[in-house]
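*Asks:* Take this sequence and fold it.
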Amino acid sequence: MKLPGLSQTSAFLFTAFITAVIFSGCSAAVKPENPKKAENTAQADSFEWFYESFDDAKAAAYDAFRISAERPFDSEPVLIKDKSGNETEIPVSDLAVAYQGFLYDHPEIFWLSSSYNYRVSAGIGGEEKADAVSVIPIPESEAELDVMMREFAGASGEYLSSALAAETDREKAQILYDCLTAGTEYEEEALYDSTLQAEHTAYGAVCGKKAVCDGIALAYKYLLDRCGIRCILIPGSGDGMPHVWNIVFWDGKWHESDPSWDTVSEDIRSGQYFDLTTVEMSKDHEREKEGIALLIPIAD
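*Replies:* Next up, the predicted model:
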């Protein structure tokens, strides 16, 4: 689905894909604890942590990806514009970071590929720049997307019905964590088969009940977002392998959790990777050392 006149790139090959992982990181800067939500968009229910953390260039690319995501089957690329609405161009290297942040902020937009299109505007004798982008949808038609959205709404409602009845945010977070880890099968084949894209999305975990780490982490964030609980995805590694997990906010502090590892664990204990500090998680997990991982708070 490469668009005429544009270049196609892998935005960040979800960290479950072992080949060519772009980002790495371990240190973290604590950001404001109440990032604003998107307004007047189809994605208004998701907390935009990375958008609020980005500089102007990455935020401009993020906004362009947002517009393109709202019309994923449109063949026209979306121009990148600055805060004043003027057309601008940004380094191509910023696109990958912006797109990763966009997908991590919006698990409800499960129909997007991890690759995107961009139009090169400059770069001869200097850093390559882009002035327009376009997303690549996983479904092949609007009709197929409509079916997927109905399926996703119904399946996620089943998860949320019991969680929303809980009294505290911690209880809600644990109910959703337990439901995901008990009801999701880790689909290892998706690590090596690039055609299995849904397994890297919240749709794969919630509807197909099969996913890898990024799909499970995105599903957990989506469900927590629906409960009004802030959640961020953390890219990094687990036991040296590319991995993604979550950090969740309740009772005035952050807590790290890794539903994927409890999904595949053969330990008779359940929830051993739920509600850990960053120090506790770092015994076998390591955050990436650059990119969006540097924008993620720590759990004390």
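*Asks:* going forward, measure contacts and count neighbours with C-alpha atoms only.
*Replies:* Noted.
*Asks:* What's the end-to-end length of stretch 200-211?
*Replies:* 6 Å (C-alpha to C-alpha, to the nearest Å).
*Asks:* Oh, that last question was meant for stretch 81-97, not what I typed.
*Replies:* OK, stretch 81-97 end separation, C-alpha to C-alpha: 17 Å.
*Asks:* buried sites along stretch 52-72?
*Replies:* For stretch 52-72, the neighbour count (16 or more other C-alpha atoms under 10 Å) marks 52-54, 57-69, 72 as buried.
*Asks:* wait, I meant stretch 75-87
*Replies:* Neighbour count says stretch 75-87 has 77-82 buried, by 16+ other C-alpha under 10 Å.
*Asks:* tell me which element Ser260 is part of?
*Replies:* Per DSSP states H and E: Ser260 is located in helix 259-264.
*Asks:* chain center to that helix: distance?
*Replies:* Helix 259-264 has its C-alpha centroid displaced from the chain centroid by 17 Å (C-alpha atoms, centre = their mean, to the nearest Å).
*Asks:* Need the contact partners of it.
*Replies:* Applying C-alpha atoms under 8 Å, 6 or more residues apart in numbering, the external contacts of helix 259-264 come out as 177, 180-182, 184-186, 212-213, 216-217, 220, 245, 270-274.
*Asks:* Enumerate the positions of it that are buried.
*Replies:* 259-263.
*Asks:* Now pLDDT and distance to Ser121 too, for those, in CSV please.
*Replies:* Formatted as CSV, those follow (pLDDT from 0 to 100; distance: C-alpha to C-alpha, whole Å):
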residue, pLDDT, distance to Ser121
Pro259, 97, 42
Ser260, 96, 40
Trp261, 94, 43
Asp262, 93, 46
Thr263, 91, 45
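*Asks:* Could you export these as TSV, including distance to Gly157?
*Replies:* Shown next, in TSV, are the buried residues of helix 259-264 (distance: C-alpha to C-alpha, whole Å):
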residue	distance to Gly157
Pro259	19
Ser260	21
Trp261	24
Asp262	22
Thr263	21
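*Asks:* I'm done for today, thanks for sticking with me.
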